[in-house]
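Student: Sharing a model prediction with you, sequence too.
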Amino acid sequence: MRIAILGAGAIGAYAGAALHRGGADVHLIARGPHLEALRADGVRVLSDRGDFTARPNATSDPREVGPVDFVFLGLKAQHYAACGPMLRPLMGPHTAVVAAQNGIPWWYFHGLTGPLADHRVHTVDPGGSVSRAIPVERAIGCVVYAATEIEAPGVIRHLEGTRFSIGEPDRTISRRCTDLSEAMVAGGLKCPVEQDLREDIWVKLMGNITFNPLSALTRSTMAQICRDRSSRELARSMMNETLDVAARLGVNPTISVERRLAGAERAGDHRTSTLHDVERGRPMELDVILTAVVELADMVGAEVPTLRTVDSVARLLNARLTDGSVAERMAAAAAAAAPARAA
Ligand SMILES: NC(=O)C1=CN([C@@H]2O[C@H](COP(=O)(O)OP(=O)(O)OC[C@H]3O[C@@H](n4cnc5c(N)ncnc54)[C@H](OP(=O)(O)O)[C@@H]3O)[C@@H](O)[C@H]2O)C=CC1
Ligand SMILES: CC(C)(CO)C(=O)C(=O)O
């Protein structure tokens with residue numbers, strides 16, 4: 001099985017290393033110093049479950065890879081609309097694209113019947129730009145219950161979780177999903193094939209919609225947010241509002257808010273992927289994680305005052321982060337602080 005990892009960052013390189021370890025023919029697509037390290041030394045995975053090194057092919061140029069069976073998309077979702085030129089050389093007639101994103105995917109209403117069939121969520125697929133880059137019929141959904149970070153170029157720190165739940169938008173159990181699942185399991189990951197991934201999407205989103213923006217806005221870990229009485233209450237409100245939107249869309253996750261909060265608190269001092277971005281002076285992956293849910297709330301008539309407030313301040317921060325000068329200053333400050341943190 002040939003697999004390209006487009007955006008072999010924290011999650012992509014981790015999944016790619018595992019797939020390679022399991023016997024798949026893996027091609028990592030990366031850039032910069034991280035790519036140089038991947039080429040020179042492979043992916044070094046550091047994990048309580050056992051460290052290992054995998055040496056799949058690594059390149060910056062998808063044309064060197066050519067058509068594959070699966071593209072595992074490890075890019076941040078705000079880069080999906082522009083990924084068409086990188087994706088094209090990887091696509092054969094049957095290539096599937098597995099997007100490891102958090103939040104609401106661009107294919108969310110694809111394959112459904114009823115009044116919302118094929119509805120486009122504008123925030124995640126503005127003007128159809130993402131659907132044009134990644135046609136929905138190519139998409140396999142993926143909900144990632146793993147936490148990883150790039151500790152140094154070529155080095156992935158695995159913090160917790162190995163589950164990558166996958167599923168077809170149209171609720172079929174397809175051969176391509178079962179094939180991919182076998183390859184992931186051979187690499188030591190959990191990869192259940194779900195009939196309808198939408199419940200998993202909302203369960204995961206209850207955490208991301210809350211902790212990703214709050215951690216970025218307050219520079220706090222998930223545990224710190226949970227242990228402070230008022231921010232825990234804020235998190236609870238955000239989760240309840242999210243569950244209301246999901247319910248109005250016909251999805252009723254069985255997990256309680258208290259259990260979800262307890263799980264986040266147990267994650268301890270983990271910094272979310274969004275906090276990592278802000279610390280590096282990069283824009284946050286906000287549209288798919290939070291703004292899209294506010295759009296869906298408006299669509300289904302749900303009151304989401306807390307989500308709306310956090311979204312508006314987080315979008316203001318994102319606007320500052322996309323202003324080059326501010327982003328450069330923050331990145332410089334983060335680089336200056338890094339040796340001190342390490343000491
Ligand atoms: N990290 C985690 O624990 C989790 C992440 N996720 C999801 O996984 C997805 C990826 O997140 P994460 O792995 O943390 O993000 P990363 O930023 O670590 O990975 C994205 C990678 O894509 C690379 N990239 C971007 N554009 C290009 C390009 N044009 N050519 C080559 N490489 C490119 C980036 O390189 P560069 O740095 O140079 O821009 C980076 O290495 C997100 O949607 C996130 O929500 C889900 C669950 C957990
Ligand atoms: C926090 C985590 C790992 C989920 O627990 C995540 O999804 C992220 O960092 O974006």
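Tutor: Perfect, thanks for sending it. Ligands and ions are numbered 1, 2, ... in the order given.
Student: Wasn't Val143 part of a strand?
Tutor: Yes - under DSSP: H, G, I helix; E, B strand; the rest coil, Val143 falls within a strand.
Student: quick one: the residue nearest to it when sequence neighbours are not counted and Pro192, what's the gap?
Tutor: Nearest residue to Val143 in three dimensions, chain neighbours excluded: Asp200, at 4.2 Å (C-beta to C-beta, 6 or more residues apart in numbering). Where you see a C-beta, it was placed from the backbone N, CA and C, and this is true even at glycine. Counting by C-beta to C-beta, to the nearest Å, the gap from Asp200 to Pro192 is 9 Å.
Student: which of the two has more neighbours?
Tutor: A direct count of neighbours by other C-beta atoms under 10 Å for Asp200 and Pro192 places Asp200 higher, at 22 against 16.
Student: In this structure that one contacts Ser165, no?
Tutor: Yes - if you go by C-beta atoms under 8 Å, Asp200 and Ser165 touch, sitting 4.9 Å apart.
Student: Common neighbours of the two, please.
Tutor: 143, 194 (C-beta atoms under 8 Å, 6 or more residues apart in numbering).
Student: how about the helices in the protein?
Tutor: Using DSSP state H, the helices of the chain run over 10-21, 32-41, 84-87, 129-133, 175-186, 198-218, 222-227, 229-248, 257-266, 273-279, 292-300, 305-322, 324-342.
Student: Out of those helices, the one nearest Arg63 is which?
Tutor: Closest of the helices of the chain to Arg63 is helix 84-87, at 9.4 Å (criterion: C-beta to C-beta).
Student: For that closest one, what is the distance to the chain centroid?
Tutor: Distance, stretch centre to chain centre, for helix 84-87: 19 Å (C-alpha atoms, centre = their mean, to the nearest Å).
Student: and if you look at stretch 68-76?
Tutor: 12 Å.
Student: Check stretch 218-225 too.
Tutor: The answer for stretch 218-225 is 19 Å, by C-alpha atoms, centre = their mean.
Student: got it, and stretch 173-182?
Tutor: With C-alpha atoms, centre = their mean as the basis, stretch 173-182 stands 20 Å off its chain's centre.
Student: could you give me the average pLDDT of it?
Tutor: The pLDDT scores in stretch 173-182 average 98.
Student: And stretch 201-216, by the same measure?
Tutor: Mean predicted confidence for stretch 201-216 is 97.
Student: could I get that stretch in PDB with only the CA atoms?
Tutor: Extracted C-alpha coordinates of stretch 201-216, given in PDB (Å, rounded to 0.1, in the frame of the first residue of the first chain):
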ATOM      1  CA  ILE A 201     -16.400  14.400  15.500                       C
ATOM      2  CA  TRP A 202     -18.600  16.100  18.100                       C
ATOM      3  CA  VAL A 203     -17.100  14.200  21.000                       C
ATOM      4  CA  LYS A 204     -13.600  15.300  20.000                       C
ATOM      5  CA  LEU A 205     -14.900  18.700  19.200                       C
ATOM      6  CA  MET A 206     -16.300  19.200  22.700                       C
ATOM      7  CA  GLY A 207     -12.700  19.300  23.800                       C
ATOM      8  CA  ASN A 208     -11.100  21.200  20.900                       C
ATOM      9  CA  ILE A 209     -13.700  23.900  20.700                       C
ATOM     10  CA  THR A 210     -13.100  24.700  24.400                       C
ATOM     11  CA  PHE A 211      -9.500  24.000  25.100                       C
ATOM     12  CA  ASN A 212      -7.800  25.000  21.900                       C
ATOM     13  CA  PRO A 213      -9.000  28.600  21.800                       C
ATOM     14  CA  LEU A 214      -8.900  29.000  25.600                       C
ATOM     15  CA  SER A 215      -5.400  27.600  25.900                       C
ATOM     16  CA  ALA A 216      -4.300  30.000  23.100                       C
END
